[in-house]
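Asks: Curious how this folds, go ahead:
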Amino acid sequence: MASVNPFTTPVYELPTGPNSFDTVGTFDQTLAPGVPNPSKISTSGTGKSSGNGSPNSSGGGGPAPRRYQNFEIKQKLLRPALTSHFQCWFNPPDAIRSSPAGQYYLDGGELISLLCSDASLPGSSILTTEMNDDYTGVTERLGYRRSYDNQIDFTFFVDHGRQNGSYNVISFFEEWIRYVAGDTSTAPDGNFFSRAKFADGPSGYRTEIYVQKFERDFQSNYFEYTFVRAYPINIASIPISYESSQLLRCQVSFTYNRYIITRKGNVSPQIPGQQPSKGVPNVGDTSSYWDPKGNNFPQIDFAKAANLNLGF
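Replies: Numbering: from 1, shown residues only. Down below sits the predicted model:
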């Protein structure tokens with residue numbers, strides 16, 4: 001009996017038949033354990049394996065490369081999500097609404113929402129610990145806890161010529177921070193005193209804020225990020241200059257405990273029975289926005305907002 005040399009050169013069979021290009025060829029060489037056999041992997045989704053380019057369940061490994069038609073490229077890649085379609089709702093707690101900050105929270109928060117020009121979607125990471133003794137020469141990193149970013153920054157255009165005069169955005173967040181610190185006086189005297197408030201409860205200053213990410217066609221699902229127990233901790237310095245005039249912007253940083261992502265339904269029309277989160281208008285509601293204090297105010301008209309008199 002002739003011996004078989006396992007290191008012989010592979011023998012390829014010429015492709016035959018209508019589906020001959022779905023396979024790479026057959027081998028008489030034994031593959032190493034864990035290495036997928038190319039002859040068992042479909043390259044077009046019409047060969048031996050099920051699905052579009054998925055590997056055979058018995059062969060393992062990833063799908064083999066395949067060609068994509070132009071219509072597939074257009075369908076899969078030419079409708080990316082854009083960064084410029086979002087809205088933010090800050091929903092101050094009742095204690096803030098009844099404080100001096102409340103007089104600057106105009107139109108149920110609609111003005112501040114429209115003036116928010118920059119935000120960021122949050123991130124998180126897995127905290128890991130190293131294991132060095134299980135396998136020779138191998139260091140494993142095993143996860144044990146999720147860690148959230150603890151700060152999010154928002155940038156606002158500063159309004160001019162609205163109710164209460166101007167600078168409602170700056171005044172609102174200044175008063176919110178002053179309430180947190182418990183400042184009792186704004187007079188520049190030696191009797192300055194402050195005592196921090198309780199974070200939660202009837203006099204609490206923490207709340208849930210929301211960032212909603214949608215697309216311009218309003219015909220797809222959208223994400224709503226809920227930031228749990230958030231409040232402002234920093235107002236960045238705002239440079240002003242005699243040089244050429246630019247839009248005045250205000251950057252405010254919030255801290256929060258964690259965030260929750262909710263995938264919500266089609267934004268147009270409103271899904272029957274779907275209720276907006278507390279303090280957040282439903283972007284699919286064409287009648288009115290809901291306010292936790294029982295007030296209704298009109299839905300934001302983005303076409304009208306383009307002509308909003310902000311004093312620019």
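
Asks: so which helix or strand takes in Ser253?
Replies: Element membership for Ser253 (DSSP states H and E) is strand 249-255.

Asks: which element follows that strand toward the C-terminus?
Replies: In N-to-C order, the element after strand 249-255 by DSSP H and E is strand 258-264.

Asks: returning to what we had before: only the buried residues of the strand holding Ser253, if you could.
Replies: By 16 or more other CB atoms under 10 Å, the buried positions in strand 249-255 come out as Arg249, Cys250, Val252, Phe254, Thr255. In short, each C-beta sits where N, CA and C put it, glycine included.

Asks: ok, what's across the strand from the third one?
Replies: This points to Val252. For Val252, the beta-bridge partners are Phe154, Ile235 (DSSP bridges).

Asks: That one contacts Ile170, doesn't it?
Replies: No: counting by CB atoms under 8 Å, Val252 stays clear of Ile170, with 9.2 Å between them.

Asks: Overlap of the contact sets of those two?
Replies: Jointly contacting Val252 and Ile170 under the rule CB atoms under 8 Å, 6 or more residues apart in numbering are Ile235.

Asks: circling back to that earlier point, identify the residues contacting the strand holding Ser253?
Replies: Residues outside strand 249-255 that contact it (CB under 8 Å, 6+ apart): 117, 150-158, 169-170, 173, 209, 227, 230-236, 238.

Asks: Among the residues you listed, name the ones in strands.
Replies: Residues of those located in strands (DSSP state E): 117, 151-157, 209, 227, 230-235.

Asks: Would you mind writing the ChimeraX command to select the buried ones in the contacts of strand 249-255?
Replies: Buried members of the contacts of strand 249-255, defined by 16+ other CB under 10 Å, are picked up in ChimeraX with:
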select :152,154,156,157,158,169,170,173,209,227,230,231,232
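
Asks: tell me the strands in the chain, going along the chain?
Replies: 86-89, 116-118, 124-131, 140-148, 151-157, 207-213, 222-235, 249-255, 258-264, 289-290, 296-297.

Asks: what's in contact with the second one?
Replies: The set of residues external to strand 116-118 that reach it, using CB under 8 Å, 6+ apart, is Gln87, Cys88, Asp153, Phe154, Thr155, Phe156, Phe157, Arg249.

Asks: Kind regards, and thank you for your time.
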